[in-house]
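Engineer: Need a 3D model of the sequence below.
(one chain, ligands or ions: 1)
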Amino acid sequence: MRFGKRLYIIFFALMAAVIIWIATDQSDPGQLKIGFDIDDTVLFSRDIFTNLPADKQNPIDFGWVNVRDRQYSLLIEPAAELIHFYRSHGHEVYFITARPGINGDSVAVFLSEQLGYPVTKGHNLFFEPKEYVGEYRYTTKHRRIKTLGLDIFYGDSDTDIVAALKAGVHPVRVVRHQSSIDQYGKNYFGNTNDGTDVKAPFSKTDLEQFYRGSVGVFGEAIYPIIWDGPASKNGAE
Ligand SMILES: [Mg+2]
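Structural biologist: The predicted structure is shown next:
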């Protein structure tokens with residue numbers, strides 16, 4: 001056999017081996033990478049936003065918000081249990097929030113304290129604010145979900161589910177606490193507080209139907225969190 005022909009065969013044999021290796025994904029055992037949204041998924045942070053000073057509201061000053069979790073936010077215990085469940089089986093957990101990242105290290109410190117393991121900005125915590133296209137604001141979380149190679153993404157908002165779908169990742173809807181829905185219905189099954197128009201057609205009765213069916217507007221699974229809620233960090237409820 002001529003040397004050139006032999007080289008040709010070796011080259012194609014190597015290419016075939018690489019393709020088979022990629023196709024069978026030998027590099028990836030069954031370790032999962034799990035993503036979580038933060039607000040109303042892992043933290044009940046409503047009281048930060050209801051206590052925004054007038055001069056921090058338009059637009060919301062996230063530099064102020066991101067240093068207020070210790071004062072106002074509560075850990076949603078069933079979400080924390082789920083995080084510990086995954087980690088105790090060797091899976092990796094990441095947090096992706098649409099909050100802008102200014103003073104984001106404070107959020108990392110608070111999550112670390114609450115969850116009992118190190119959460120670090122840029123390592124397992126990422127800030128991915130929405131972006132405007134024309135008059136609409138769109139999620140950008142899917143870029144990070146893709147980069148990290150997540151397998152599942154948990155979130156309460158419509159945009160969390162959209163981000164997971166855009167990234168080709170399994171979306172799971174965490175049920176938002178009723179007091180958060182009451183205070184902030186927007187971006188939750190359209191807006192079930194405002195079920196009157198094309199943009200927000202689903203009523204609170206429809207929402208119960210979704211919950212009973214364990215499926216959401218986008219075909220996502222619904223995670224049946226049962227949580228007592230804000231018994232009162234600030235004595236408010
Ligand atoms: Mg959220």
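Engineer: ok, residue 120 touching residue 108?
Structural biologist: Yes - with contacts defined as C-beta atoms under 8 Å, residue 120 counts as touching residue 108 at a distance of 5.5 Å. Placement of C-beta: from N, CA and C, glycine included.
Engineer: if you count what's nearby, which of those two comes out ahead?
Structural biologist: More neighbours sit around residue 108 than around the other of residue 120 and residue 108, counting by other C-beta atoms under 10 Å; the figures are 19 against 13.
Engineer: can you list the residues of the chain near the ion?
Structural biologist: Taking C-beta under 5 Å from the ion as the test, the list of the chain residues beside the ion reads 37, 39-40, 156-157.
Engineer: how about a cut-off of 8 Å?
Structural biologist: Contact residues (C-beta under 8 Å from the ion) of the chain with the ion: 37-41, 97-98, 155-157, 160, 176.
Engineer: and the spatially most central residue of the chain, what does it touch?
Structural biologist: Taking C-alpha atoms, centre = their mean as the criterion, residue 37 is the residue nearest the geometric centre of the chain, at 2.6 Å. Residues near residue 37 by C-beta atoms under 8 Å, 6 or more residues apart in numbering: 95-98, 141, 153-157, 160, 174.
Engineer: where exactly do the strands run in the protein?
Structural biologist: Assigned by DSSP state E, the chain shows strands spanning 33-36, 43-44, 74-75, 92-97, 125-127, 131-133, 136-138, 152-155, 170-174, 221-223.
Engineer: Give me the residues contacting the last one.
Structural biologist: Counting by C-beta under 8 Å, 6+ apart, the neighbours of strand 221-223 from elsewhere in the structure are 82, 154, 170-175, 210-211, 213-216.
Engineer: So which of the strands of the chain is the most surrounded?
Structural biologist: Stretch with highest mean neighbour count among the strands of the chain: strand 152-155 (a mean of 26; mean count of other C-beta atoms under 10 Å).
Engineer: just checking, what packs against that strand?
Structural biologist: Strand 152-155 makes packing contacts with strand 33-36, helix 158-166, strand 170-174 when contacts are defined by 3 or more C-beta pairs under 8 Å, 6 or more residues apart in numbering; DSSP states H and E.
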